[in-house]
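Participant: kindly generate the corresponding structure for this input.
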Amino acid sequence: MAKKNIKKIVKKWCDEEGMFDDEKEDKLNEFLFTINYPIESGDKLNLFQPLGSDKLVIMSGVQFDGEIIEKMRALPAGKLDKLLWDLRFSLASRPTEFNLNRPDETIIEAFVTSTVIFPDGLTKDRFMTAISEVYKSKLIATWKIHEMAE
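Facilitator: Just a heads-up that it's a prediction; the model follows:
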């Protein structure tokens, strides 16, 4: 599948499902789309094809506000460590990748979850399933972080 075809196919599927939001200019990618998922939820995911690559990346993330971060800082170290390990194991069992932004190795300021589809596996079914899995991983991480901060 040619690089241009990936963009065309992905755009077509997003339009068919009513989730296409925007196309952004990005020097690092062949294309960068923002989609609404679930539809009309206000949640956004990014779809992009890195420059010079034939893979499609589906990505989403969250930046936590100061109130949540301060609540995490206030937790006893042992409790925070246990909750962070629980979060890691929950995310590691998902069919997505994740990255926790922990600038001082204690609290989590943000996280990103993603998955990749290569051209030989790019079907509408695989595409829609991958979007759903990225979104579910984002939800799980968000819920666990909010649970930590309670």
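Participant: contacts, neighbours, all on C-alpha from now
Facilitator: Noted.
Participant: residue contacts, the residue nearest to residue 51 when sequence neighbours are not counted?
Facilitator: Here the nearest residue to residue 51 in space, its sequence neighbours aside, is residue 29; by C-alpha to C-alpha, 6 or more residues apart in numbering that works out to 4.3 Å. Residue 29 sits next to 48, 49, 50, 51 when contact means C-alpha atoms under 8 Å, 6 or more residues apart in numbering.
Participant: among these, name the buried ones.
Facilitator: 48, 49, 50 (16 or more other C-alpha atoms under 10 Å).
Participant: would TSV of these with secondary structure be doable?
Facilitator: Formatted as TSV, the buried ones among the contacts of residue 29 follow (DSSP: H, G, I helix; E, B strand; the rest coil):
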residue	secondary structure
48	strand
49	strand
50	strand
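Participant: what helix or strand does the residue nearest the centre of the chain sit in?
Facilitator: Residue closest to the mean C-alpha point of the chain, counted by C-alpha atoms, centre = their mean, is residue 60 at 2.4 Å. When secondary structure is defined using DSSP states H and E, the element that contains residue 60 is strand 56-63.
Participant: ok, that strand: who's next to it in the sheet?
Facilitator: Note on strand 56-63: by DSSP bridges, its sheet partners are strand 44-50 (antiparallel), strand 110-117 (antiparallel).
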